[in-house]
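Undergrad: here are the coordinates; sequence isn't available:
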């Protein structure tokens, strides 16, 4: 019997359109002989939609109101320990249950998709899902927390500091002094976005304040990092979980040895004639990266350590910065749901896109089985002995 695999995509994130591209690629890679593929599109207003038209990228070239009109708004529910899809508005001859879901694969980038939000929703439904769990996803999305974890685990990161966006009004001179200590140029970015959105490089105080203001449009927390120059950007994907994980082939992105970073436009709209449907696969890159065997193995080792330190699972991409002169390598960040699911980094290995999707399904089911063996509840007699006249709270503290 085929498994029903629901691919969740879209969302209100600034990476909404990137998610649509990545999900389209993922759905095409799922083996139709093994799985029934169910698209679950989450619109920018957080409403869920269902329908076969959502499997096709051409559908999303229409205005959003036409996309929504071609499918059905739905809700998910756990009925008799089975997650089902139900219509929001049931017609006279409409089925009460449209479909069932065995495994979910979130392919949502950024806010409410990659930050633990959708993962928490799936946990509450009791639905097995691919990728990081709630904590791994949240830490992977919040680069402030992420950097603290990396540092505490002895992983190399660039010099940096962070502050809340509103503090620029009361601590501007102090923040500028911190930027001066790093020595310009510096990178300024929101803590919780991806795809280079809201990120700028500043070479002086005027540019720094402009960059800070831009980043503050996307997040409450702002990170400032020292620029590595001359810089090479090297990426490595990791597939697995905390029990077993393998690294992919390395790639070098941009390949220009400058201090500049690829913009959103360069990542998704440049690099190939088919870039509008190619996602991250369209970016200018060299695979495998032109590195020595020792350098390659060193970065792959750092990728595995980063993956495990952050509690990641599924398929992730870890981005590294290399000083082109000293060859020093720094962990830049993890992408817990990378663009195009980083399938292009596995082409040089024994894992093709179809097998990558198979592994994600297996990892989701494996986590479900492991959790079923754990204890999450504990029987007590607290309620029998509880008195409404008691002056103590549930944990015995006094008011």
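TA: Sure, I can see it. Quick caveat: nothing in here was measured; it's all calculated off a predicted structure.

Undergrad: Which residues lie in contact with residue 147 in this structure?
TA: Listed by C-beta atoms under 8 Å, 6 or more residues apart in numbering, the contact partners of residue 147 are 157, 160, 162, 223. Heads up, the C-betas are built off the backbone N, CA and C, glycines and all.

Undergrad: Return the set of residues that bridge with the second one.
TA: Under the criterion DSSP bridges, residue 160 forms beta bridges with residue 225.

Undergrad: Surely it touches residue 228?
TA: No. Here residue 160 lies out of contact with residue 228, judged by C-beta atoms under 8 Å, at a distance of 11.6 Å.

Undergrad: More neighbours: the two, which one.
TA: residue 228 (21 against 17; other C-beta atoms under 10 Å).

Undergrad: residue contacts, that one?
TA: 158, 259, 321, 322, 323, 330.

Undergrad: Can you name the two of those that sit furthest apart?
TA: 259 and 330 (13.8 Å; C-beta to C-beta).

Undergrad: Who has more neighbours out of those two?
TA: residue 330 (20 against 14).

Undergrad: what sits up against the helix or strand hosting that one?
TA: Using DSSP states H and E, the element containing residue 330 is strand 329-335. Applying C-beta under 8 Å, 6+ apart, the contact partners of strand 329-335 are 140, 143, 146, 150, 155-158, 194, 228, 233-234, 295, 298-299, 302, 306-307, 310, 312, 316-323, 342.

Undergrad: can you check stretch 179-187 too?
TA: Contacts for stretch 179-187 (C-beta under 8 Å, 6+ apart): 159-161, 199-205, 208, 223-227, 229, 259, 261.

Undergrad: how about 7 Å then?
TA: 159, 199, 201, 202, 203, 204, 208, 224, 225, 226, 227, 259 (C-beta atoms under 7 Å, 6 or more residues apart in numbering).

Undergrad: Tell me which residues touch residue 112, please.
TA: So residue 112 contacts 11, 12, 13, 118 (C-beta under 7 Å, 6+ apart).

Undergrad: thinking again about what came up before, rank the contacts of residue 228 by pLDDT and give me only the lowest.
TA: Of all these, residue 259 carries the smallest pLDDT score, 48.

Undergrad: neighbours around residue 375, how many?
TA: So residue 375, with other C-beta under 10 Å, has 5 neighbours.

Undergrad: which residues in the stretch 51-200 of the chain form strands?
TA: 72-79, 82-87, 99-101, 103-106, 160-164, 186-190, 200-202 (DSSP state E, counting those that start in this stretch).

Undergrad: which helices and strands sit right next to the fifth one?
TA: The criterion is 3 or more C-beta pairs under 7 Å, 6 or more residues apart in numbering; DSSP states H and E, and the helices and strands that strand 160-164 contacts are strand 221-226.

Undergrad: what about the strand it packs on, average pLDDT?
TA: Mean pLDDT, strand 221-226: 98.

Undergrad: Residues touching it, excluding its own?
TA: 143-144, 158-165, 178-179, 182, 186-191, 212, 215-216.

Undergrad: any idea how far it is from the chain center?
TA: 19 Å (C-alpha atoms, centre = their mean, to the nearest Å).

Undergrad: The helix or strand that it is followed by pairs with which strands, parallel or anti?
TA: Counting by DSSP H and E, the element after strand 221-226 in chain order, helix or strand, is strand 231-240. Strand 231-240 has its sheet partners listed here by DSSP bridges as strand 245-253 (antiparallel), strand 314-323 (antiparallel).

Undergrad: Quick check: which of those is nearest to residue 87?
TA: So among the strands paired with strand 231-240, strand 314-323 is nearest, using C-beta to C-beta, at 30.2 Å.

Undergrad: So which bits of the closest one are buried?
TA: 314, 315, 316, 317, 318, 319, 320, 321, 322 (16 or more other C-beta atoms under 10 Å).

Undergrad: Provide the count of other residues in contact range of the residue nearest to residue 219 when sequence neighbours are not counted.
TA: Nearest residue to residue 219, sequence neighbours excluded (C-beta to C-beta, 6 or more residues apart in numbering): residue 190, at 3.4 Å. For residue 190, the count of nearby residues is 22 (other C-beta under 10 Å).

Undergrad: Might you report the residue contacts of residue 190?
TA: Residue 190 sits next to 198, 215, 218, 219, 222 when contact means C-beta under 7 Å, 6+ apart.

Undergrad: Give the burial count for the third one, as a bare number.
TA: Going back to what we said before, that points to residue 218. That count, for residue 218 with other C-beta under 10 Å as the rule, works out to 19.

Undergrad: Could you tell me how far it is located from residue 301?
TA: 33 Å (C-beta to C-beta, to the nearest Å).

Undergrad: Pipe the contacts of residue 147 into a markdown table and attach distance to residue 251 per row.
TA: Listed next are the contacts of residue 147 as a markdown table, based on distance: C-beta to C-beta, whole Å:
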| residue | distance to residue 251 |
| --- | --- |
| 157 | 20 |
| 160 | 24 |
| 162 | 28 |
| 223 | 24 |
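
Undergrad: Identify the farthest-apart pair in those.
TA: So, the contacts of residue 147 by C-beta to C-beta: farthest apart are 157 and 162, at 12.2 Å.

Undergrad: Would you point to the one among the strands of the stretch 51-200 of the chain that's packed deepest?
TA: Ranked by mean neighbour count, those are led by strand 103-106 with a mean of 26 (mean count of other C-beta atoms under 10 Å).

Undergrad: Against which helices or strands is it packed?
TA: Contacts defined by 3+ C-beta pairs under 7 Å, 6+ apart place strand 103-106 against strand 3-10, helix 117-125, helix 353-372.

Undergrad: any idea which of those is most buried?
TA: strand 3-10 (a mean of 23).

Undergrad: burial measure for residue 324, as a count.
TA: Around residue 324 there are 14 residues (other C-beta under 10 Å).

Undergrad: just residue 185 next, same as before
TA: 17.

Undergrad: how near is it to residue 211?
TA: For residue 185 relative to residue 211 (C-beta to C-beta), the value is 10 Å.

Undergrad: what residues are shared contacts of those two?
TA: The contact lists of residue 185 and residue 211 share residue 202, where a contact means C-beta under 7 Å, 6+ apart.
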